[in-house]
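Asker: Pasting the sequence and the predicted model now:
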Amino acid sequence: MAVVSVLRVNLALTCVESALFGIFFVLAITSLAVLIARHGRPPLTTSPSLSFGHALRSPLLLGTILLLITVSGHWCATVLRLFQALLVYDNGQHPEQYYLIVEAIPHVVATAFVITSVIVGDIILTYRVWVVWDRKLAMVIFPAMCICAYIAAGICVVELFAAFKTGESIFALASQRRVITTAALTLSTNIYGTGSIAYRIWSTNRALKHERMLAPALSLSEALVIFVESAALYTFWILFFLVSYCASSTLEAFAFHCIPAATGISFMLIIVRVGLGFSWSEAESARLGIVDLASLSRMQACRSQDGTTSTGYPPTIINLNVTRTVETRMETDFALPQASVKRDGGSGIGKKSGECV
């Protein structure tokens, strides 16, 4: 199999990461607007300054700001490395040799931004697991331990790269031990988080379908929602880097340095999808067979006229006056929101529903 040159890999890296950074930047600005709007909506008894202070304490808002800093910083380091290789180092005569210098300051800084982005991404993913699973502390013990171990291992990787000597390979045995250990820790966190969130969403949607006596088959839109909300893109990209590095492929540089952008896009998609109200359950309610009382009455009347049903009594019109008081709770950090309905008077309808977000 032909080996891709280091220069071609890094040129492709600069182009692809620039495109991914543009996507991430748009999503990040949208996410910030959504989060500030949801958290910073001042109640009647709260001043706007206090509401804005409450918005700044949101874990998702802080995570979005941190990812915006780390992803932007890494993209700047990537562009700087390109100019250094093509114009500055040895007057641009040997750009491939520059990309092989692991201890170069721009490369060490870019590595530090990758490690920081992964730490922030793992923390956000763990926080999502905690929120989606009704804030059960037992669900986040394992990923929290992996994150602490990853922080220590990530610092060791940055120190290792900074202490490299010219000519040393990044695939040396000493480097492989630290890099593979670090990647395995974050991959464990990602697989656990993605699996936990995906199972929670799937089981909740299946329970809702069971209540409505619908087929439990998984539709394409549901699969897409599970893919987005479980941050599966983040997990797959970490796996892509680990496989390429273990194979000693030059594609590991491409996979490694695109991790910050892939991390940012994964979590910004979650915030934008939920914050803007995109939901498969609302968009496909008609297809799933959810009908109101008026539609049900009309269907029964038509069947009686056609003679398909025989009740023994002529059809009559019944007027129902139903008064309902609806209590809703806004989950500004995007948990599994629930709505409860209380009955007023002698007649009413009680309903409890949930949406996986």
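Answerer: Thanks, I have the structure now.

Asker: Please count neighbours and contacts with C-alpha atoms only from this point.
Answerer: Will do.

Asker: Could you check stretch 67-79 and say which residues are buried?
Answerer: Of the residues in stretch 67-79, those buried by neighbour count under the rule 16 or more other C-alpha atoms under 10 Å are 67-68, 70-75, 77-79.

Asker: now do stretch 150-160
Answerer: For stretch 150-160, the buried set under the neighbour-count rule, 16+ other C-alpha under 10 Å, comprises 150-151, 153-154, 157-158, 160.

Asker: how close does Ile147 sit to Thr186?
Answerer: Taking C-alpha to C-alpha, to the nearest Å as the measure, Ile147 and Thr186 are separated by 7 Å.

Asker: shared neighbours of those two, anything?
Answerer: Taking C-alpha atoms under 8 Å, 6 or more residues apart in numbering as the contact definition, Ile147 and Thr186 share the neighbouring residues Asp122.

Asker: all helices of the stretch 151-300 of the chain, in order?
Answerer: Residue ranges of the helices in the stretch 151-300 of the chain, as given by DSSP state H, counting those that start in this stretch, are 173-211, 220-229, 232-246, 251-257, 259-275, 280-283, 293-306.

Asker: average pLDDT for the shortest one?
Answerer: For helix 280-283, the per-residue pLDDT values average out at 42.

Asker: about what we covered before: among the buried residues of stretch 150-160, which are located in strands?
Answerer: Among those, no member falls in strands (criterion: DSSP state E).

Asker: Please convert those residues to TSV, extending it with distance to Asn91.
Answerer: What follows is the buried residues of stretch 150-160, written out as TSV (distance: C-alpha to C-alpha, whole Å):
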residue	distance to Asn91
Tyr150	39
Ile151	38
Ala153	36
Gly154	33
Val157	30
Val158	28
Leu160	28
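
Asker: how many neighbours does Gly167 have?
Answerer: 10 (other C-alpha atoms under 10 Å).

Asker: Return the subset of the buried residues of stretch 67-79 lying in helices.
Answerer: In helices, judged by DSSP state H, the following of those are found: 67-68, 70-75, 77-79.

Asker: Go through these and name the one nearest Ala172.
Answerer: Set against Ala172, the nearest of those by C-alpha to C-alpha is Thr78 (23.4 Å).

Asker: Leaving out sequence neighbours, find the closest residue to the closest one.
Answerer: In this structure, Thr78 finds its nearest non-sequential neighbour in Thr14, 6.5 Å apart by C-alpha to C-alpha, 6 or more residues apart in numbering.

Asker: any idea which helix or strand carries that neighbour?
Answerer: With the criterion set as DSSP states H and E, the secondary-structure element containing Thr14 is helix 6-39.

Asker: Let me know the angle separating that helix from helix 259-275.
Answerer: For helix 6-39 against helix 259-275, the angle by axes from the mean of the first three to the mean of the last three C-alpha atoms, to 10 degrees is 30 degrees.

Asker: Number the residues from 707 up from this point.
Answerer: Happy to do that; since the first residue is 707 now, the last one works out to helix 712-745.

Asker: list the helices and strands helix 712-745 packs on?
Answerer: Using 3 or more C-alpha pairs under 8 Å, 6 or more residues apart in numbering; DSSP states H and E as the contact criterion, the secondary-structure elements in contact with helix 712-745 are helix 754-762, helix 765-789, helix 801-805, helix 957-963, helix 965-981.

Asker: before we move on, the earlier item: among the helices of the stretch 857-1006 of the chain, which gets the worst mean confidence?
Answerer: The bottom spot among these, by mean pLDDT, belongs to helix 986-989, with a mean of 42.

Asker: quick revisit: what mean pLDDT would you report for the helix holding Thr720?
Answerer: Across helix 712-745, the average pLDDT comes to 91.

Asker: Alright, calling it a day.
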